[in-house]
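Enquirer: Have a look at this prediction, sequence included:
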Amino acid sequence: MSDTSRLRPETTTDTAVRARGPLAPSGLLRSLTPLLRGWLPRQRWFAGKGRPISGFALVSAVELLPLDGRLGGAGLLHLLLDVQQPNLPPDCYQLVLGTRRLLPPALAPALVGHATDGPLAGLTVYEALYDARLATLLLERLRTPGRTGPLRFSAESDATIPSGLPPRLSGIEQSNSSVVYGDTFILKLFRRVSPGTNPDLELSLALARGGSDRVAAPVAWMEALGLHEEPATLGVLQRYLPGSADGWQLALTAVAEGSDFTGQAHALGAATAEVHTALATALPGATLRRPQIRLLASAMAERLDATVAAVPALARYAEGLRGAFGDLDQLADAGVELPAQRIHGDLHLGQALHTAAQGWVLIDFEGEPARPLAERRRPQPFVQDIAGMLRSFDYAARHRDPAAPGAADWAERHRAAYCAGYAERSGHDPRDARVLLRAYETDKAVYEVLYEARHRPEWLPIPMAAIQRLSQPADR
Ligand SMILES: Nc1ncnc2c1ncn2[C@@H]1O[C@H](COP(=O)(O)OP(=O)(O)O)[C@@H](O)[C@H]1O
Ligand SMILES: O=P(O)(O)O[C@H]1O[C@H](CO)[C@@H](O[C@H]2O[C@H](CO)[C@@H](O)[C@H](O)[C@H]2O)[C@H](O)[C@H]1O
């Protein structure tokens with residue numbers, strides 16, 4: 001982080017954990033390569049699925065607890081690993097690995113493999129976050145700002161992080177991996193690491209420091225220094241919201257029970273407006289003029305073309321969909337200027353948590369992880385977030401039956417309530433930006449077609465219903 005003024009002073013010695021600093025990489029890869037070749041492609045967060053792995057390169061290796069089993073228990077190894085695949089730039093992944101001579105049966109689901117070669121020969125390697133002792137040690141390390149080799153641990157100056165909070169693995173099956181500590185904090189470790197500050201840390205820190213309670217405040221974070229041109233964010237410890245329910249589950253329950261969710265949708269619109277206002281205050285914005293708007297429209301058209309090539313069922317709607325991007329081009333030609341600001345970047349109902357005490361809180365400000373970090377950190381029109389959430393109401397309505405007779409009506413009522421809530425709180429009704437909203441919604445539906453075709457083909461009819469609607473000239 002560039003702003004270090006509020007950080008605790010760094011310590012250079014580290015007594016809380018037995019860290020021995022950077023490891024020589026030689027040999028480690030000999031131990032790990034055979035294990036990782038089989039294990040990595042099976043991980044949900046591994047982005048290179050379906051393509052062969054040609055090799056690995058260690059970016060850094062830090063022994064946070066001795067690996068040799070000398071202490072009679074587990075070792076802890078932090079790795080940043082470049083994964084090489086043919087004809088692609090390498091992707092850097094963060095791995096936090098435990099080592100033991102014998103893996104207790106309770107840790108069997110964490111198994112990465114048994115090393116037979118190199119310095120780890122004879123040790124079992126496993127996912128450290130499953131191991132309460134090692135997850136506790138990671139929290140200990142975050143409580144004590146300072147450096148261990150290339151790893152820098154930082155904490156908010158006013159943060160009180162008690163020791164000994166019991167860890168519980170939360171989301172190992174997501175884009176990233178999370179551990180909840182005593183219902184007080186949640187640590188999210190980013191799996192795919194890029195140089196630069198991750199917007200999830202940057203934006204939630206800016207919001208929390210600005211006094212917003214629509215965000216889970218970060219209390220500590222870890223970064224890798226000196227490996228890339230900029231520090232890379234590796235993980236964030238945030239306040240946990242106990243007893244929260246996410247918007248997707250709440251919306252599905254409302255659809256299933258036939259209960260009214262428009263009040264919640266309205267409140268979510270207002271919460272989104274608060275977050276946008278706070279982000280616009282805290283961080284620099286921009287104005288998109290003709291060249292930038294044309295570029296936006298052509299990027300959307302390119303994504304459509306690429307998706308048509310991958311999902312042929314989209315082809316018959318492509319011309320109609322292109323109309324939405326053509327209208328955006330015309331807006332640019334007419335000299336319209338669009339204010340842009342930092343936004344959430346990947347907003348949908350699953351990114352909103354509801355608690356009785358706080359109402360709606362937004363999480364996961366990472367943006368779309370598949371896009372380059374520089375692009376995710378660029379100011380964008382706020383309407384992009386609105387379009388993401390509007391798509392989500394449509395998903396909730398069609399989840400059980402994409403062709404359900406009442407689905408379009410349910411979605412429309414909740415979309416309207418969300419926009420009204422946003423307009424009341426911000427003074428800007430997203431529906432007034434008709435052309436831009438439609439272009440973003442079309443872009444998102446196209447993205448969803450590709451996402452569902454790749455990950456959940458049985459869900460494909462949901463975005464396809466939107467594609468049909470958005471390709472109709474009458475609806476433009
Ligand atoms: N501050 C929090 N309080 C309570 N639960 C949270 C919090 N942050 C995340 N979660 C839970 O963890 C899940 C994954 O978090 P998220 O930030 O979306 O990670 P990912 O990037 O891996 O998708 C969320 O869907 C939510 O259920
Ligand atoms: O894992 P992420 O939060 O980064 O997002 C990806 O997965 C989402 C699904 O979990 C996907 O969202 C789509 O499905 C949701 C319902 O499961 C729905 O609420 C969203 O509106 C819809 O886009 C998201 O697109 C994808 O990037």
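Expert: Perfect, I can see it now. Ligands and ions are numbered 1, 2, ... in the order given.

Enquirer: Start from the N-terminal end of the stretch 251-400 of the chain and give the helices.
Expert: Per DSSP state H, counting those that start in this stretch, the stretch 251-400 of the chain carries helices over the ranges 262-282, 290-310, 318-333, 373-376, 383-398.

Enquirer: mind giving me JSON lines with those helices and columns for distance to Glu424, mean neighbour count and mean pLDDT?
Expert: All C-beta atoms are positioned from the backbone trio N, CA, C, and that covers glycine. As requested, the helices of the stretch 251-400 of the chain are exported to JSON lines (distance: least, Cβ to Cβ, whole Å; neighbours: other Cβ atoms under 10 Å; pLDDT from 0 to 100):
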{"stretch": "helix 262-282", "distance to Glu424": "6", "mean neighbour count": "21", "mean pLDDT": "98"}
{"stretch": "helix 290-310", "distance to Glu424": "28", "mean neighbour count": "16", "mean pLDDT": "97"}
{"stretch": "helix 318-333", "distance to Glu424": "26", "mean neighbour count": "18", "mean pLDDT": "96"}
{"stretch": "helix 373-376", "distance to Glu424": "29", "mean neighbour count": "17", "mean pLDDT": "90"}
{"stretch": "helix 383-398", "distance to Glu424": "14", "mean neighbour count": "25", "mean pLDDT": "98"}
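
Enquirer: right, and these - which one's nearest Trp221?
Expert: helix 373-376 (15.7 Å; Cβ to Cβ).

Enquirer: and the helices of the stretch 251-400 of the chain as TSV, adding distance to Lys188?
Expert: Output for the helices of the stretch 251-400 of the chain, formatted as TSV (distance: least, Cβ to Cβ, whole Å):
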stretch	distance to Lys188
helix 262-282	18
helix 290-310	27
helix 318-333	34
helix 373-376	16
helix 383-398	20
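
Enquirer: Enumerate the residues of the protein near ligand 1.
Expert: Residues of the chain found near ligand 1 (Cβ under 6 Å from any ligand atom) are 170-171, 174-176, 178, 186, 188, 216, 238, 240-241, 244, 246, 350, 353, 363-364, 366.

Enquirer: Just the ones in strands from the residues you listed, please.
Expert: Using DSSP state E, 178, 186, 188, 238, 246, 353 are the members of the residues of the chain next to ligand 1 that sit in strands.

Enquirer: I'd like the residues you listed as TSV, with pLDDT appended.
Expert: Below are those laid out as TSV (pLDDT from 0 to 100):
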residue	pLDDT
Ser178	95
Ile186	97
Lys188	96
Gln238	98
Asp246	96
Leu353	98
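
Enquirer: Quick check on the residues you listed: which are buried?
Expert: 178, 186, 188, 238, 246, 353 (16 or more other Cβ atoms under 10 Å).

Enquirer: so what are the domain limits for the protein?
Expert: 1-240, 245-470 (automatic domain parsing).

Enquirer: Could you list the residues of the stretch 151-300 of the chain in contact with ligand 2?
Expert: 175, 248.

Enquirer: Low-confidence ranges, the stretch 151-300 of the chain, go.
Expert: 171-173 (pLDDT under 70).

Enquirer: now do 90
Expert: By pLDDT under 90, the weakly predicted segments of the stretch 151-300 of the chain are 158-159, 170-175, 226-230.

Enquirer: any idea of the pLDDT on the residue nearest to the spatial centre of the chain?
Expert: For the chain, Glu366 is the residue whose C-alpha lies nearest the centre (Cα atoms, centre = their mean; 4.3 Å). The model reports Glu366 with a pLDDT of 94.

Enquirer: Contact partners for the residue nearest to Ala433 when sequence neighbours are not counted?
Expert: Distances taken as Cβ to Cβ, 6 or more residues apart in numbering place Val383 nearest to Ala433, at 5.1 Å, with adjacent residues excluded. Counting by Cβ atoms under 8 Å, 6 or more residues apart in numbering, Val383 touches 430, 433, 436-437, 440.

Enquirer: Just the closest of these to Arg152, please.
Expert: Set against Arg152, the nearest of the contacts of Val383 by Cβ to Cβ is Tyr440 (36.8 Å).

Enquirer: Now do the same contact list for the spatially closest residue to the closest one that is not a sequence neighbour.
Expert: Setting aside the residues directly before and after it, Tyr440 is nearest to Ala387 in space (Cβ to Cβ, 6+ apart), at 3.6 Å. Each residue near Ala387 by Cβ under 8 Å, 6+ apart is listed here: 437, 440-441, 443-444.

Enquirer: CSV for the ones in strands among the residues of the chain next to ligand 1, including distance to Leu373?
Expert: Output for these, formatted as CSV (distance: Cβ to Cβ, whole Å):
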residue, distance to Leu373
Ser178, 20
Ile186, 22
Lys188, 16
Gln238, 20
Asp246, 25
Leu353, 25
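
Enquirer: of all the residues you listed, which comes closest to ligand 2?
Expert: For those, the residue nearest ligand 2 by Cβ to the nearest ligand atom is Asp246; the value is 9.6 Å.

Enquirer: correct me, but that closest one touches Trp360?
Expert: No. Counting by Cβ atoms under 8 Å, Asp246 stays clear of Trp360, with 10.3 Å between them.

Enquirer: Quickly list what's touching both of those two.
Expert: 352-354.
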